[in-house]
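1. have a look at this prediction, sequence included:
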2 protein chains.
Amino acid sequence: MRSSQYLLSTKKETPASAEIISHQLMIRAGMIRKLASGMYTWLPSGLRVLNKVTNIVREEMVRAGALEILMPMVQPADLWQESGRWDEYGPELLRLNDRHKRDFVLGPTHEEVITNLVKREVSSYKQLPLNLFQIQTKFRDEVRPRFGVMRSREFIMKDAYSFHLTQESLETSYQNMFRAYCNIFERIGLSYRPVIADNGSIGGSMSHEFHVLADSGEDAIAFSTESDFAANVEMAELTPSNSAPDAPQGEMHLVETPKATTIAELVEQFPVAVEKTVKTLVVKASDSCESDLIALLVRGDHELNEVKAEKLDQVAAPLTFATEEEIRRSIGAGPGSLGPVNLPIPFIIDHSVASISDFAAGANIDGKHFFNINWQRDVEPGESADIRNVQAGDPSPDGNGVLEIKRGIEVGHIFQLGDKYSQSMNCGVLTESGKHQPLSMGCYGIGVTRIVAAAIEQNHDKFGITWPDAIAPFNVAIIPMNMHKSHRIQEAANQVYNQLLEAGIDVLIDDRKERPGVMFADMELVGIPHQIIIGERNLDEEKVEYKNRRSGEKQLMALNDIVGFVKGL
Amino acid sequence: MRSSQYLLSTKKETPASAEIISHQLMIRAGMIRKLASGMYTWLPSGLRVLNKVTNIVREEMVRAGALEILMPMVQPADLWQESGRWDEYGPELLRLNDRHKRDFVLGPTHEEVITNLVKREVSSYKQLPLNLFQIQTKFRDEVRPRFGVMRSREFIMKDAYSFHLTQESLETSYQNMFRAYCNIFERIGLSYRPVIADNGSIGGSMSHEFHVLADSGEDAIAFSTESDFAANVEMAELTPSNSAPDAPQGEMHLVETPKATTIAELVEQFPVAVEKTVKTLVVKASDSCESDLIALLVRGDHELNEVKAEKLDQVAAPLTFATEEEIRRSIGAGPGSLGPVNLPIPFIIDHSVASISDFAAGANIDGKHFFNINWQRDVEPGESADIRNVQAGDPSPDGNGVLEIKRGIEVGHIFQLGDKYSQSMNCGVLTESGKHQPLSMGCYGIGVTRIVAAAIEQNHDKFGITWPDAIAPFNVAIIPMNMHKSHRIQEAANQVYNQLLEAGIDVLIDDRKERPGVMFADMELVGIPHQIIIGERNLDEEKVEYKNRRSGEKQLMALNDIVGFVKGL
């Protein structure tokens, strides 16, 4: 490609509205332009990257035995009514009417359409297992679209759906997709981790997210320092400590704490370590509990994990915190002065709370705390459970090493759905013994447009994007200096360009009438991995300069060797 | 691909709802399934064809120098208000609201979005000309979707838009796109014709349609038997005849024709040739005419061309036929008894009417006609114009040969739009002399999904589809007979399969446990161009059978030669 016939559309200024680096660089490098909130046009450089990502995803899905199909983007409402999601799905589901006033939705996902299709096309167990995928535009009417294509309303997703007679077959396909996803992210050239994930609202039994690691990631992931273990922080489990609390050091005593209604204030105003304080959080109890409210106790330096708490039998789902008024009515004190001693409602303590001694907590009297509380001696500990988020330094749940926390960007998600959709939509086959059986389903998503943004979050420097070779918009840039004034430079540049084109290499020659500084800055910004700089002085010695975009290393090479060198990269 | 791991989804029965052969065969061959009216899921065999068509279109667009981009499918209403089409476009434009009640449309086309983009990205004449294209899902809310993907609501289109400083530059790009379109249809392997077309509502000055020729086509196209001339029947022009009318044979006389209110009835009841009759059609006149109504006269065997008629100065646009009441009020007779003699309103005659003699026409008295009318002698002919549709046998407008009429399916359309959008949306650049100038635009569409259906309308027989090689879902089918009972057959089939796969050939092996008859019928239906049939008897002589799907020709070949033979096809 010749830049004079291309739409580079680079910008010097960082757009004020772009909060994260990938969004800023995608605009500055001429990759995307905003059409409306959460809707972007992909310019040539952006689409070149997107198409390379798409091709890798497609190739690996086909290699894994999945069959490509293409379902409509507009879907009739009746399928969503059949699955029950017409009512369950919130305003992210964009609903619309056609000219005959019939109800439709803009597809945010395709479980309903595919289940309906397979119900009609698959009648015998002999046709199973079946794995169908598509690469297609989706629409989710996000309440607050932001970060460019990282959280947009219109986006491209690869969504695959597998259908099975048995759970074993589902698990085999799930593992197969797991490996295909690893292949995809490895081929793209990203540092990523598959992590055990919460199933969220999609239901089902087993799920992994695939995260691209980047400091700007929205999700916290817990890793073992010594093993493959990785889980979303919300999902990493902790086991009870084996060590009993230390022996009590002092008598429990009541202290006036009028200005300490938070743990931070307590440890600032009194000589107590934060690890020896306890937070008491009050939530609605479930029907199986003898009380309306129940208290959850975690250490002052820990965070309650709401996903884990919600799974407790005694806690009502969805997890609902008690209001201050409800707390006062039941306990007689405000939320800043609660603790286990003399607590009139039941409570559950986190495992780590069970093993501390001489700790401080509210006295259930406004403005007062107990210090030197010890379990058994001062109060019965009752039930302990895993109800906090893991932290760096916690033991890894698999017993190997300790946990480290990193940030990640979710770019893929695989689920074992079981029969959630096949039951409600009556999708089954006749088994060998003639019995009608609903199918087991898996679903497997990749955010294709989001991968592009995530790759930039992971691969950039102060000059611009440092693309992995596999998805760079161009692999080689030829930068001829003052080409329009020198016939020699022009000739050498065109010769190298034509030879690289013939070798099937994706090459951009910057033949604009621009100053070298402008050309260098643009090629760095756009992030072309390999640069060939052609200037008068080097050409006197039949040489050109090669520069590696990522390392910044430069080397002089013979003009006659450069094509062979680049082909060999 | 192994058919046991594929979703063939063939059907024996012709679906009742499918009216045309391509729709029937696409359902029977497992290519598409209806999700809702005008919305189809593409199954694996259909998508394989669609992707091959898409790749050819993309390659030829890139080769022609167009740059690929991708615009959102959902578009904000304000751009449509800016261009004026928010009000002009009818209910085919699907309008919707997001969660914040803002107005959007589902894009039926992208002139507004691209004009807005180029307005923001292109500021200097140095960036021109520019040709941007995308391959993308569109939505048009057709009042009566039918014929499967031939006239669907959701469909895939390649749309390109070019931007220019001058009309000359636009014409160069237009010619360039014209050639690219010819390359596309030639590579796909279709019999097609570019035809001069009416611009329709999109505006602008010059336009060609690309038609795939097929008897079932909705459009009539006029071709020269001797030259390249081809035009939509509505657009083919006719020049005045050079020959004067023959000398009168008889006196004009009034005849009672109480039962003849149409030309058909007149020629049935009276001894007059249809070529010697004249139809009189009354329409609203324009302001430049001294009368409210004006009559248009064409020969009894000809059809009025409404597009041509509407372009006449004296005729009001849009063309509006007078009601019977309006006719009676002005002329004093009903529409079945009109003619040029004693007509109280102005009239225009078609060129071919000017050259006839001794003709019959209504007398402007109910139930009466004049016979043996002759121009000049009986009535002044006044103005003549080209206002009829061409017919087979008419002289070609380019002077070479005569016209033939064929049916075509419109699959592409290129337009010179001029400044229609760039004026209303203020899209211009600074010229070399510093003046702000609106850009000239061209737009170029291809109905990618429709091409698949059109290819089938042109390429089928009683057994199924006869795909051109370039877009067949698979190029070779291996049909092993009773493979599951014979180890030898299995081994030979797998050997051929693996060798073809290695050679990069798109091959399907039918390894289902089905009777040979079922397998033959399915492969014929799906339309795989080359079949290799492996059976016991031939294998005894180390031979296999090759069958050409289109010609039906069969030949025995040595097992060891078949791979080389197929690779050479």
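-> Received it, and whenever you're ready, just let me know what you need.
2. show me where the stretch 201-350 of chain A has its strands.
-> A:206-213, A:219-224, A:230-232, A:253-256, A:278-284, A:293-299, A:347-350 (DSSP state E, counting those that start in this stretch).
3. what helices or strands is the second one leaning on?
-> For strand A:219-224, the contact count by 3 or more CB pairs under 8 Å, 6 or more residues apart in numbering or on different chains; DSSP states H and E identifies strand A:192-196, strand A:206-213, strand A:230-232, strand A:403-418 as packing neighbours. C-beta coordinates here come from the backbone N, C-alpha and C atoms, glycine included.
4. next, the angle strand A:206-213 makes with that strand.
-> 100 degrees (axes from the mean of the first three to the mean of the last three CA atoms, to 10 degrees).
5. ok, now which ones touch the residue in the stretch 151-300 of chain A positioned nearest to chain B?
-> As assessed by CB to the nearest CB, chain B sits closest to A:Glu154 within the stretch 151-300 of chain A, at 5.0 Å. Neighbouring residues of A:Glu154 by CB atoms under 8 Å, 6 or more residues apart in numbering or on different chains: A:Gly38, A:Met39, A:Tyr40, A:Thr137, A:Lys138, A:Phe139, B:Pro72, B:Met73, B:Val74.
6. how about A:Ala244?
-> A:Ser355.
7. same thing with the one 4 residues further on?
-> Contact criterion CB under 8 Å, 6+ apart gives A:Ser357, A:Asp358, A:Asn372, A:Asn374, A:Arg377 as the residues in contact with A:Pro248.
8. separation between the most centrally placed residue in chain A and chain B?
-> Geometric centre of chain A, nearest residue: A:Glu410, 1.5 Å, by CA atoms, centre = their mean. Using CB to the nearest CB, to the nearest Å, A:Glu410 is found at 23 Å from chain B.
9. ok, that residue touching A:Ser207?
-> No: contact between A:Glu410 and A:Ser207 fails when scored by CB atoms under 8 Å: they sit 11.5 Å apart.
10. and which of the contacts of A:Glu154 is nearest to A:Tyr444?
-> Proximity of the contacts of A:Glu154 to A:Tyr444 (CB to CB) peaks at A:Lys138, which lies at 14.4 Å.
11. just say helix, strand or coil for A:Met441.
-> strand (DSSP: H, G, I helix; E, B strand; the rest coil).
12. now do the same contact list for it.
-> Applying CB under 8 Å, 6+ apart, the residues contacting A:Met441 are A:111, A:115, A:161-164, A:170, A:417-422.
13. that one and A:Thr109: what is the separation?
-> From A:Met441 across to A:Thr109, the span is 13 Å (CB to CB, to the nearest Å).
14. common neighbours of these two, please.
-> By CB under 8 Å, 6+ apart, no residue touches both A:Met441 and A:Thr109.
15. now the strands for the stretch 351-500 of chain A?
-> A:359-365, A:368-373, A:384-385, A:403-418, A:428-430, A:436-438, A:440-447, A:460-461, A:464-465, A:476-480.
16. below-threshold pLDDT in chain A: ranges please.
-> A:198-205 (pLDDT under 70).
17. name the single longest helix found in it.
-> What stands out as the longest helix in chain A, according to DSSP state H, is helix A:167-188.
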